[in-house]
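K.L.:
need a structure here:
(chains A and B)
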There are 2 protein chains.
Amino acid sequence: MRSLGASKVSLSSLSSEELWRKSGRLEGRDSEFLRLQDRKGAKYLLSPTHEEEITSIVANAVKSHKDLPLRLYQVSRKYRDEARPRQGLLRGREFLMKDLYTFDVTDQQARATYEQVRNTYKAFLDELRLPYLVANADSGNMGGDLSHEYHFVSDRGEDNVIHCTQCDYSINEELFIGAFERSMAAPLWSQISESINGGEEIERVHLDQHGIVSGPCQSTVFMTKDRRRRVQVVTPRDGGVINIYAVKALVPDVDTSIMPFENSIIDISGDFTLVVDQRLALQVGASRLAALSANPSAPQPEIIYSRASILTLPISTTPCPTCRSQSLKLSKAIEIGHTFHLGTRYSEPLSAQVLNSENKLVPVSMGCHGIGVSRLIGAAASLLLDDKGLNWPLLIAPFSAVIVPGPQTRAEDVSSVYDALTQQGPEPMDAVVDDRKRSLGWKLKDADLVGYPFIMVLGKAWSERREVEMQCRRLGVKETVSLLDLGSKLDGYSKQL
Amino acid sequence: MRSLGASKVSLSSLSSEELWRKSGRLEGRDSEFLRLQDRKGAKYLLSPTHEEEITSIVANAVKSHKDLPLRLYQVSRKYRDEARPRQGLLRGREFLMKDLYTFDVTDQQARATYEQVRNTYKAFLDELRLPYLVANADSGNMGGDLSHEYHFVSDRGEDNVIHCTQCDYSINEELFIGAFERSMAAPLWSQISESINGGEEIERVHLDQHGIVSGPCQSTVFMTKDRRRRVQVVTPRDGGVINIYAVKALVPDVDTSIMPFENSIIDISGDFTLVVDQRLALQVGASRLAALSANPSAPQPEIIYSRASILTLPISTTPCPTCRSQSLKLSKAIEIGHTFHLGTRYSEPLSAQVLNSENKLVPVSMGCHGIGVSRLIGAAASLLLDDKGLNWPLLIAPFSAVIVPGPQTRAEDVSSVYDALTQQGPEPMDAVVDDRKRSLGWKLKDADLVGYPFIMVLGKAWSERREVEMQCRRLGVKETVSLLDLGSKLDGYSKQL
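P.N.:
Residues are numbered from 1 along each chain as shown, chains lettered A, B, ... in the order given. Sure, this is the predicted structure:
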């Protein structure tokens, strides 16, 4: 933020509903707000983001093009009434976020600012040294027409990113599907489009009396949001990844936030919806239908045939729009940041205007950019976790190193190691001494759990040769080093953490 | 916090009502909570403080006396549904607080911790160099039996502190009144007690037909909390400061949070309550009573004669309990901190126990200690404000100095001043350069408004003799200094800021 010349602010988490009504975002996101009233009945919400608040403040503070560019950020708690908070820090109702708001006179200047922020975010992620993707994204509810998502690649993720393994093309699932559907008739997609619309035979699949689906198909089970109804999606075998947006269009109350599972059996004891891909023809055995309708007062199944769109994404057979190679891949990902070029989406309704150099009143051009701080911590933890404990990237480790003295180590010796770590070497590091009254074994186990990048043990090697035993579990390092060599050794390893 | 060996934590602002029910604090403070429900109807509140939360976390994490002492603090937002948020940062519904929670094995150890914290708070306030009082305080709703309040002396304050001008005796109004009332029969207070109960004649005062109160009395007007009813308190002339606690005991819905004003006229057009001190006898003129009862459907006045307690505090005539001199004084004050020794008030209901050195399970002994960060900023601002702008104490100034170059100043010159400020001298300071494209006059006015402790102007003296014009409005300093002398000059002035 400093490299962008951004100033730190601190906005209220209590936000008046009135302000959100002005921007037109109150009703649309109704269900996500945590709302409350004060003793006088005035209506507030706990802000999930601060475009409205900061724009109305800036509207009052900024009058001339000379006051711009302005870049304001905060690190503060945000709130969202999640349907199902889960995975610890990855999805909570209260979370820490760094949000940056940028204000420029012209759209062109705002787009240049956007590029600066994007590069800054990438530089930060480079420093974290964890695998990430920057995906073209949809601006959605936020407004604007230029947007990127920043993702860690992780099986624990709930987002899907489609990216090319040969070039740096990367796009979020929603946009990919949008592009895919828009281009069904366009030349780039003709190959797939042909195979879907004409080249392929419609396959017959069968639902037998035991509720087992058979034939050249696979069956995936979702649940509705109220947990009461299964939604079973039947698609061609090896058809690719389920297009959840297409499923959602057919069954609006399907819950896409929990992982679906594959199952070829339909349990008829409860309510269920069967969604069948247009490339399949479902045959339901007579005895099966009889079983289903034997008790008319029992919940009846609903069978939906998808006619408009196919229910899977043929990712591996689709050429990359950038390099044209057939190297697209879908990866599970954890979104940890998002940048938006907003233009005048908020400055217009909230009257944030300045006199430009021609003395004309113009709405300012904005951007907003966020990094989920608590989520990033949770994601980094989950990415580097092993069976002994956490492993923190050096950049965000609470301490880069822990010094673990043995029970007989003298205090001066501990100090000399501490000084060597924190004051010498090309890049001095922050360190903490574990001086708790516990055994050496207990402390080492605890240090592994906590996940310090480096553990410095003052054990046998220290008492014999005044050498520190340096451990770095992530790199598989365990070696003894003299204090003189410590700096250069650490420097080498640090570049990999 | 570092000097106390305290570790920083970050607790959720959303707190479950259930936890507060366990500690018995849910119902008592009902009206102060901002409450909300999530989409499933689960009940939450926005925490005004975190004893419940931290005690329940520590209860799960701490098992042995070897895990103690433990000191945990946070700097986070707190919430309170204030009846009337006012005075900017001084009383808001959302505010920033530093709260420290301490955990010891024995009560004795916890009391030693309490003294350590008290000294740390005093050291911090000493460094701020603003007039403050540390008052003995009541633990009230918080629990425990040892407590102090930390106040800035300020006419804008809403608290009353009674303190001795000859010694360091200092006590909050509530405790003073408690002690005063308890000791009405005790030797120390015999002098006042005599003059009240026997020595003084009961004085007659008169309410005439125009609603004017006359006689040897003064009349002070309060309002009820719903703003609908005036409460007029009639006390002997020169009787001293109104004892708001006594008034509150007689009229529970009186609003003591707004400043009362003196007025000898009672407006009969609305509802009102007249509270009369026991040392006075009120005579109401016959025509006045007739006017009041002429319209029986109109709101009727209520007249309350105080019989149990006197309605003023005879502060100036009361001897100081410590040095016995008659030097007590009541000062308006802004409370900016509070320390509490809690003992087992929370550890017992929330089962925070450890095995002590004799292997016996005991509840931990706790303390909690807070500094109102946003309130302290507001208070410091209001204390040092003058007609040109703010003046920040050096300790909490956003920057200690601003460098204001003239329009012709070369960038290298600005750098050399910046380096002299931030790298040389016995105590290098943080500085900011005002490089905005504005005139020198505009920038100087702005620097005064912002309230930097030091303003360094690179003007005429710089271009002629390479001397900086150093300004410090708070100390009335405006002088030119060479870069060589800058460090020692600043050092001298800094000790007074």
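
K.L.:
mind saving the C-alpha coords of stretch A:447-457 as PDB?
P.N.:
This file holds the C-alpha atoms of stretch A:447-457, laid out as PDB (Å, rounded to 0.1, in the frame of the first residue of the first chain):
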ATOM      1  CA  ALA A 447       7.600 -25.200  17.500                       C
ATOM      2  CA  ASP A 448       6.700 -27.700  14.700                       C
ATOM      3  CA  LEU A 449       3.000 -27.200  15.500                       C
ATOM      4  CA  VAL A 450       3.300 -23.400  15.400                       C
ATOM      5  CA  GLY A 451       5.100 -23.600  12.100                       C
ATOM      6  CA  TYR A 452       8.000 -21.100  12.400                       C
ATOM      7  CA  PRO A 453      10.000 -21.100   9.200                       C
ATOM      8  CA  PHE A 454      13.200 -21.800  11.100                       C
ATOM      9  CA  ILE A 455      13.900 -23.500  14.500                       C
ATOM     10  CA  MET A 456      17.200 -22.900  16.100                       C
ATOM     11  CA  VAL A 457      18.100 -25.500  18.700                       C
END
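
K.L.:
Briefly note if it comes near chain B.
P.N.:
No. Residues of stretch A:447-457 are not located near chain B by Cβ under 8 Å from any Cβ of the partner chain, the shortest gap being 12.6 Å. In this view, the C-beta of every residue, glycine as well, is placed from N, C-alpha and C.

K.L.:
in that stretch, what's buried?
P.N.:
A:A447, A:D448, A:V450, A:G451, A:Y452, A:P453, A:F454, A:I455, A:M456, A:V457 (16 or more other Cβ atoms under 10 Å in any protein chain shown).

K.L.:
pLDDT of it, averaged?
P.N.:
Averaging pLDDT along stretch A:447-457 gives 97.

K.L.:
Give me the residues contacting it.
P.N.:
The list of residues contacting stretch A:447-457 from outside it, by Cβ atoms under 8 Å, 6 or more residues apart in numbering or on different chains, reads A:381, A:384, A:388-394, A:397-404, A:406, A:417, A:421, A:429, A:431-432, A:434, A:440, A:444, A:468-474, A:490, A:493-494, A:497.

K.L.:
Just the buried ones from the residues you listed?
P.N.:
Burial by neighbour count, 16+ other Cβ under 10 Å: within these this picks out A:381, A:384, A:389-394, A:397, A:399-404, A:417, A:421, A:429, A:431, A:434, A:440, A:444, A:468-474, A:490, A:493-494, A:497.

K.L.:
Among the contacts of stretch A:447-457, name the ones in strands.
P.N.:
A:A401, A:V402, A:I403, A:V404, A:A431, A:V432, A:V468, A:E469, A:M470, A:Q471, A:C472 (DSSP state E).

K.L.:
OK, contacts around the third one?
P.N.:
Contact criterion Cβ under 8 Å, 6+ apart gives A:V414, A:V417, A:Y418, A:L421, A:A431, A:V432, A:V433, A:D434, A:M456, A:L458 as the residues in contact with A:I403.

K.L.:
least confident pick among the residues you listed?
P.N.:
Minimum pLDDT for these is recorded at A:L421 (91).

K.L.:
quick one: it and chain B, what's the gap?
P.N.:
19 Å (Cβ to the nearest Cβ, to the nearest Å).

K.L.:
Leaving out chain neighbours, which residue sits closest to that residue?
P.N.:
A:A431 (4.5 Å; Cβ to Cβ, 6 or more residues apart in numbering or on different chains).

K.L.:
bridging residues for that neighbour?
P.N.:
Assessed by DSSP bridges, A:A431 has beta-bridge partners A:A401.

K.L.:
gap between it and A:S482?
P.N.:
Distance from A:A431 to A:S482, counting by Cβ to Cβ, to the nearest Å: 17 Å.

K.L.:
Looking at A:R307 now. What's its pLDDT?
P.N.:
Per-residue pLDDT puts A:R307 at 64.

K.L.:
still on that earlier bit, wait, which of the ones in strands among the contacts of stretch A:447-457 is closest to B:P85?
P.N.:
Distance to B:P85 across those (Cβ to Cβ) is lowest for A:V432, with 41.1 Å.

K.L.:
Contact partners for the nearest residue to the closest one once chain neighbours are set aside?
P.N.:
Leaving aside its chain neighbours, A:V432 sits nearest to A:F399 (4.3 Å; criterion: Cβ to Cβ, 6+ apart). Contact partners of A:F399, counting by Cβ under 8 Å, 6+ apart, are A:D430, A:A431, A:V432, A:Y452.

K.L.:
Among those, pick out the one closest to chain B, please.
P.N.:
Nearest to chain B among the contacts of A:F399: A:V432, at 10.4 Å, using Cβ to the nearest Cβ.

K.L.:
Test my guess that the closest one contacts A:V404.
P.N.:
No. With contact defined as Cβ atoms under 8 Å, A:V432 does not count as touching A:V404 (10.1 Å).
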